Each structure stands twice: as structure tokens, then as C-alpha cells.
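> Predicted structure and sequence below. I'll ask about it afterward.
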Amino acid sequence: MDKTDFSKRSFSYYPTKAIVIAKYEGGAWGKPEITADFNLSVHCFAGAFHYAPECFEGLKVFRGADNRVRMFRPEENARRMQSSAGYLDMASPSEEMFIQMCIMCVKANWEFIPPYESGASLYLRPVLFGSNPQLGIRNADDVTFVVMASPVGTYSGARELTPGTAVLSRNFDRAATYGSGHYKLGANYAQSLHAYNLAHKLGYRELLFLDSATHTYIEEFGSSNFFGIKGNTYVTPDSGSVLPSITNKSLRQVAADMGLKVEMRKISVAELAELDEVNSCGTAVVITPLCRIDDKPALESEIVTRSYNFGNPEQCGPVSRKLYNTIVGIQKGLLPDKYGWCLFLD
Ligand code: PLP
Ligand code: COI
């Protein structure tokens, strides 16, 4: 039996026992294989190394208070991967194959599913990349699909719902207006790595990107979607260049059923002054409150032109906490799964 203290896990790589691999070659998928060898043998001319035909997913597996193991909305991740692969004009696994390989991966790493009391979960990382040798710029003909797992704790390393600070990114964009921001491509994250380092060096937990055309409207954080609470309303940006978050989609449903008005629309930077609660949301971050967002002309600059403050810097806002308790309650078996979002594995 594994002796990991899962309660000490943060969101970082942790070795597990096995991964699951399938290859699409010559127009057909091969059989998924489970292997303990984590080193892939990939041709150095594979497109993934050059032009980045690569997309990935992230989903969590929870052991509930009832001791049962469930995966959260894997069909949504399967569909989003198909959409990302479609943007790259490359093959993708069917919904059934995607879910099947996720289940195989969980079963092969069963001892790494953290116990309920630890507060941790098993994070699955499905990755799809172009693997045929190529030189010219074109879509990949052959692809490799790998599902791997790692037990994870909170993304920030702090206790869940601990508020953090963010900075607006005015001199680095994550995604162009008509670019790839709507898809979960590794390339989108490469775009934000340098800007993140600058923000982290200044002590900010998060970086909030704006629309690249006008820098007037809020898009999303580099790791997660944005949502705010304004009175009795849940507001989240409507933009073709943000990732359609499965957590945000679930929260919109929960918010509506809690009696909140739900608005998906443009949110200007100026409107930050009118929001009562602000959060990032996503699989890794769950709901992470922001108590302050600084506006700076440039990430390298000492100057802060304006700071927006939200609620008590020590505590998550009451509406966001209620949303958190509901979604996490469903994921961890504390509340009935009334939407049918959990795929039970035992
Ligand atoms: N936006 C970005 C840029 C992300 O990396 C993520 C994480 O997956 C999200 C949003 C949240 O999406 P989801 O809730 O599906 O995890
Ligand atoms: C996730 O929340 O699953 C992500 O992929 C975000 C980030 C850690 C890349």
C-alpha cells in the first residue's frame, strides 16, 4: 500500500504507477495499453516538438465521504478535447474511448486516489499530440493519446478558499481575438509563462488577461475562468477567446438553481469596482477567491494605477462559499448528485 501523506499534496507532479497510451496511425486507433514506463519514445521530427499540434485536458477523481470513487463530468472533457483537436485538424479519441482510457488509468493507479479526509484528489491529465515525423507546416496525420494521473492538493498550496491577489495583464495577451483561446492547447499556456513569472515575482497569485484587441474587457486568468458576484447576480465573461470551463458551466447551473441571476456577457475592467466577490474557477483551482486585483501599465512596472478590492481579505465571500460548498459537496458525496455529474467507479 502506498504511504503518501495526501493531505500534504499541492498541485505538483507526483509519480504514480502507470499511464495509458493509444496511437492513431494510418487512419485508425490502436488498442489502448497500460504501461509502467512513463518515458515515451517519440520521433524527433514529430510535429508536437515544432509547430505544437498538442492539446490536453484536466479532470479530477474524488473519493467521497461515502468512500465511493467518482470522476467529475468526463464526457465534458472528452468533448472539449474533440473540439481542441478539431481546431488543430487532427484526430481525437471518441467520447467513449476517452472515458474508457481515463477509467483504465484510475484503476491502474487506484492506491493513489486520496482518502476523503485528506482533502486531495486524483488529477487526470489526458494529452493528445501530433506524433508523425514532418517538416512542413501542416496538421498532424498520426497522433498519440496518453492519460496520466497524479494525486493533487490545492493549486495555490494554501487552504481552499484562502483569498489571493491578482494583477491585470496589460502588456501580455493570452489569446488573440480570433485565435486559439477557446481551445485547450499547450500553446496557449506557453504564451503566458513569461508573464506569469513576472506576476509571481511580484507576489501575485494570479494573472488576469484582458481582450487582446482593446484591453477593455476581462477575459480569464491563465489557469482558470473569471466570475464575479454583483448583488444577486453571477457574472462571467462571454468571449470567443476564453476556455469554456466545465467548472464555470457547472457553477452557472448551481447558481441559477440557488436563485441567482446568471449573466454571461462582456465585463469591463471598470466594472470590477462594482463587484462584491471575485473568483477564479477551474478544475485545478476549484473556486479561489481574489481579494484584490491591481491594474498596472506593465507587469515589469512599479506603478499601480488602480487597485480593486473585494470583500474581506481573510475570507471568501458568502455567495462564493455557498457555490463552493454545493459543487464540492456533489464531488465529494456530501450532497446528492442531482445533476448526474459523477461517474462512479466502484
Ligand atoms: N481557463 C483556463 C485557461 C484553464 O487552464 C482552465 C483549466 O482547465 C480553465 C479555464 C477551467 O476549465 P475547467 O473548469 O474545465 O477545468
Ligand atoms: C485544470 O484546471 O485542469 C488546468 O488544466 C489548469 C492548469 C493547471 C493548466
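That came in fine, so what should we check first? Ligands and ions are numbered 1, 2, ... in the order given.

> Please work out how many residues are found near F38.
12 (other CB atoms under 10 Å). (Glycine included, C-beta is placed from N, CA and C.)

> Quick check: beta-bridge partners of the closest residue to it other than its chain neighbours?
Leaving aside its chain neighbours, F38 sits nearest to I19 (6.0 Å; criterion: CB to CB, 6 or more residues apart in numbering). Beta bridges link I19 to T35 when assigned by DSSP bridges.

> What about I19, how many residues nearby?
By other CB under 10 Å, the residues close to I19 number 23.

> wouldn't it be in contact with M148 here?
Yes - between I19 and M148 there is a contact at 4.5 Å, judged by CB atoms under 8 Å.

> what residues are shared contacts of those two?
Residues within reach of I19 and of M148 at once, by CB atoms under 8 Å, 6 or more residues apart in numbering, are F38, C105.

> biggest helix in the protein by residues?
helix 186-201 (DSSP state H).

> near ligand 2, which residues of this protein show up?
Proximity of the chain to ligand 2 (CB under 6 Å from any ligand atom) is limited to residues G58, S223, G282, T283, A284.

> Among the residues you listed, name the ones that also lie close to ligand 1.
Checking the residues of the chain next to ligand 2 against ligand 1 (CB under 6 Å from any ligand atom), the matches are G58, S223, G282, T283.

> Nearest to ligand 2 among those residues?
When those are compared for distance to ligand 2 (CB to the nearest ligand atom), G58 wins out at 2.2 Å.

> so what's that closest one up against?
Counting by CB under 8 Å, 6+ apart, G58 touches N77, Y123, L124, R125, G282, T283, A284.

> What about the third one? Give its phi and psi, please.
Dihedral pair for L124: phi -100, psi 140, per degrees, to the nearest 10.

> So which of the contacts of G58 wins on neighbours?
Going by other CB under 10 Å, L124 tops those with 26 neighbours.

> Tell me what that one is bridged to.
With DSSP bridges as the rule, L124 is bridged to L59, A149.

> all numbers from here: first residue = 397
Right, with 397 as the first residue, what we last looked at is L520.

> Against ligand 1, how distant is it?
Distance, L520 to ligand 1, by CB to the nearest ligand atom, to the nearest Å: 11 Å.

> try H596
With CB to the nearest ligand atom as the criterion, H596 and ligand 1 are 16 Å apart.

> So that residue versus P559, what's the distance?
If you measure H596 against P559 using CB to CB, to the nearest Å, the figure is 17 Å.

> Q727: which of the contacts of G454 is nearest?
T679 (10.2 Å; CB to CB).

> Touching, the closest one and S646? I think so.
No - look at T679 against S646 with CB under 8 Å: they stay out of range, at 10.3 Å.

> Outside of the longest helix of the chain itself, which residues are in contact with it?
For helix 582-597, contacts defined as CB under 8 Å, 6+ apart pick out 448, 450-452, 562-563, 565, 568-571, 576-577, 602-603, 605, 618, 639, 695-696.

> Give me the buried positions along it.
G582, A583, N584, Q587, S588, A591, Y592, L594, A595 (16 or more other CB atoms under 10 Å).

> Next: stretch 498-516.
Applying 16+ other CB under 10 Å to stretch 498-516 flags 498-502, 504-505, 508-510, 512, 514-516 as buried.

> Stretch 646-665 now?
Across stretch 646-665, burial judged by 16+ other CB under 10 Å covers S646, L647, R648, V650, A651, L656, V658, E659, I663, V665.

> how about that stretch against ligand 1, any contact?
No - using CB under 6 Å from any ligand atom, stretch 646-665 never reaches ligand 1; the gap is at least 7.9 Å.

> Compute the first-to-last residue distance for that stretch.
25 Å (CA to CA, to the nearest Å).

> What residues does the stretch 397-546 of the chain have near ligand 1?
By CB under 6 Å from any ligand atom, the residues of the stretch 397-546 of the chain that approach ligand 1 are G454.
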